[in-house]
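Colleague: 3D, please:
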Amino acid sequence: MKVLIPLLSKHESNEEFIEKAVRKADEVLLLIVIEKEDSSFLKAADISSSTHFLEKVKKMIGKKRKKCEEFTEWGETSTKIKNTAIINNVDKIALLKQENQYFEDLVKKLREEKDLRNKIEIIKVDLEKIKEEASQEKNKENEKKKDSAEEQKTEEKKEKISEKEEIKKIKSIANQIIKTGFKGIDSIKKFRLK
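Modeller: Residues are numbered from 1 along each chain as shown. Okay, the predicted model is just below:
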């Protein structure tokens, strides 16, 4: 069975959704559609983050030992989903249920294509739980960044202290040389950095 999963939100990386979407699948096609419209999930400015998200979902599917192909398309989302589904002769289009007008309009457009009408599967998962998990993950990432920044500041402070100590030692040796008088290189060999 060949399954198309259009990545329409940042929530398709949910384990429950992936499990339901790829059940009985031999091959999975991941599709990202980049639009110019502000109402769409992915805008041209989001290419980098969407590519990273695509890789995350691809790894999750790989863990389920499914063959996975990825597509990035530019244009109108419903048209690109229809074309990809028809060209690749998919058996199922797995969509994560969303509670917004954009999603409802998209499903309506897809169902207008009679070849796809029976292939659409809308999978419902607890989006609040997903959002909470995403929020927790983001908090963990922020904590790691904060800890990393603090470690870097600590290292910089240590380096500055070490540098200051080194300067003090050099000044001390210079003062000793001045006090004893410089009579040649042999007269300063006895002073060393410790």
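Colleague: could you use CA atoms for every contact and neighbour count after this?
Modeller: Fine.
Colleague: would you agree Leu8 falls within a helix?
Modeller: No - according to DSSP: H, G, I helix; E, B strand; the rest coil, Leu8 belongs to no helix; its state is coil.
Colleague: against Glu55, how distant is it?
Modeller: Distance, Leu8 to Glu55, using CA to CA, to the nearest Å: 15 Å.
Colleague: now do Val33 against Lys146, distance only.
Modeller: Distance of Val33 to Lys146, given as CA to CA: 34 Å.
Colleague: which parts of the protein are helices?
Modeller: 15-22, 47-63, 77-87, 101-112, 127-180, 185-188 (DSSP state H).
Colleague: can I get the ones you listed in a markdown table with mean neighbour count?
Modeller: Formatted as a markdown table, the helices of the chain follow (neighbours: other CA atoms under 10 Å):
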| stretch | mean neighbour count |
| --- | --- |
| helix 15-22 | 18 |
| helix 47-63 | 16 |
| helix 77-87 | 17 |
| helix 101-112 | 14 |
| helix 127-180 | 12 |
| helix 185-188 | 11 |
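Colleague: point out where this structure drops to low pLDDT.
Modeller: Across the chain, the ranges flagged by pLDDT under 70 are 36-48, 127, 129-131, 133-134, 182-194.
Colleague: how about 90 then?
Modeller: Low-confidence segments of the chain (pLDDT under 90): 1-81, 83-86, 89-91, 94-107, 109-194.
Colleague: for it, which residue is closest to the average position?
Modeller: Residue closest to the average C-alpha location in the chain (CA atoms, centre = their mean): His52, at 4.2 Å.
Colleague: so who does that one touch?
Modeller: With contact set as CA atoms under 8 Å, 6 or more residues apart in numbering, His52 has no partners.
Colleague: what's the spacing between it and Glu19?
Modeller: Going from His52 to Glu19 by CA to CA gives 20 Å.
Colleague: likewise Lys56?
Modeller: When CA to CA is the yardstick, Lys56 and Glu19 sit 15 Å from each other.
Colleague: again with Met60
Modeller: 9 Å.
Colleague: try Leu106
Modeller: Distance, Leu106 to Glu19, using CA to CA: 23 Å.
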